[in-house]
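*Asks:* Could you look at this predicted model? Sequence included:
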Amino acid sequence: MRIALLGNLANTAYAYTKALRNEGLKADVFITEKERKQVTTYPEWEDPEINSINSNWIHYYEQRNPISLFQTMTKLRSYDLIHAFGLPNIYCQFLGRPLITHALGADLKEVVYESGLTGYLLKRAFLRSKCVLFSDIDHIPHVNRLRLSQAQYFPAAVDINKYHPEVQARYKEKDKIILLHSSFLDWTQKQTTSKRNDLFFHAFSKFAKGRDDLVLRVIAAGPDTEITKELLYDLGISEIVEFLPPLNKQQLVDEYHKCDLIVDQFGMPKFGVNALEGMACGRPVFLYLDKDLAMQCYSDLPPTPVANGESEIYNTLNKICQKDQLKDIGTKCHEWIIKNHEGQKVARKLIAFYNKLIAS
């Protein structure tokens, strides 16, 4: 069985492909040149040691070049099954091969409702697909709105050989509680995809008053980096804030191990791949999560702290910001990831899913 995966937002297709190949499946990933030029969709961001250009299972193509796209479509027809994430479903639906249409990011929340050709074709792909998967819990309202009765939740794959608690505590500062803000700084843009980092910064500034045991490290990545620096200065907390440059995933793991609490996003009621990887590293990840939606996808809620809005963020910080308590929560987060998102377990489940789909 040969499988082609494409649509590499946040290296999702690459992560699935790597896990599938570790299980012995002949799986290839197809990545656009545009994705290769963006940091978070380039395989070397995930695994700096690889050479994806010379790989025999990672293929690059130019989506806007008719010749390159035609050649890629021809290659894809030789696979037993195509697993497409997001926008590539626009053309994969016409290849005449068994197809898994996998929602990812804004495709099912925004693009399918657009009035142009892209919106029409993507919506057509979801409505006509015999197999629709989604991995973001906040896709559920849109699955219901579009009446995608064939849709089902499928977990993201987390490589626990890479994302795991530190072997020994090398980094801990005994007298400081270190918070790592790892989410992209994106809070003045679209409301539906905004991270609402500003909610956390306002709440944290109140929480930090009168304390000398806090350090906030912020990864300076995202469209609102400069305005965030201005906000933190205006809030009077710039002295306890350290800005870090954009990091590849191995550098990010090192920073996870150095901190006590990872701060994610408070705009969308879900966790993304980075939050899952942080929990796998044995750290609590503070974010906004719709518990009702989560319980439709899991048998138990993740033990990580959640809050919705500035006041809840402030109150939760007051409840959890003690080193021993954060350590205990982090241990439970790691165990939850092993149960629900361990990469090879997910890969075996996906292979069984492929076999069933092809047999039908």
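*Replies:* Cool, the structure landed. Numbering: from 1, shown residues only.

*Asks:* top helix in the protein by residue count?
*Replies:* helix 323-341 (DSSP state H).

*Asks:* same for it, what does it pack against?
*Replies:* helix 273-280 (3 or more C-beta pairs under 8 Å, 6 or more residues apart in numbering; DSSP states H and E). Quick note: C-beta positions are derived from backbone N, CA and C, even for glycine.

*Asks:* For the protein, which segments count as strands?
*Replies:* Ranges of strands in the chain, per DSSP state E, are 2-6, 26-32, 58-61, 81-85, 99-103, 132-134, 151-153, 177-181, 214-219, 241-244, 261-263, 285-286.

*Asks:* so which of these gets nearest Lys270?
*Replies:* Closest to Lys270 of the strands of the chain is strand 132-134 (C-beta to C-beta; 10.6 Å).

*Asks:* Residues in contact with that closest one: which ones?
*Replies:* 100-104, 108, 126, 140, 143, 148, 150-154 (C-beta atoms under 8 Å, 6 or more residues apart in numbering).

*Asks:* about what we covered before: and the angle for the longest helix of the chain with strand 177-181?
*Replies:* 40 degrees (axes from the mean of the first three to the mean of the last three C-alpha atoms, to 10 degrees).

*Asks:* on that earlier part again, biggest separation within the contacts of strand 132-134, which pair?
*Replies:* Ile100 and Ile140, at 18.2 Å, using C-beta to C-beta across these.

*Asks:* Compare these two (neighbour count), which wins?
*Replies:* When Ile100 and Ile140 are compared for neighbours, Ile100 comes out ahead with 23 against 20, by other C-beta atoms under 10 Å.

*Asks:* Contacts only, for that one.
*Replies:* Leu81, Ile82, His83, Ala84, Ser129, Cys131, Val132, Leu133, Leu357.

*Asks:* care to break this structure down by domain?
*Replies:* Following automatic domain parsing, one gets these domains for the chain: 2-158+342-359, 177-340.

*Asks:* So which of these is nearest Glu166?
*Replies:* domain 177-340 (4.2 Å).

*Asks:* Can you give the contact residues for the longest helix of the chain?
*Replies:* By C-beta under 8 Å, 6+ apart, helix 323-341 touches 155-158, 160, 163-165, 177, 260-261, 276, 279-285, 298, 300, 302-305, 320.

*Asks:* buried subset of the residues you listed?
*Replies:* Among the contacts of helix 323-341, the ones that count as buried by 16 or more other C-beta atoms under 10 Å are 155-158, 160, 163-165, 177, 260-261, 276, 279-285, 298, 302-305, 320.
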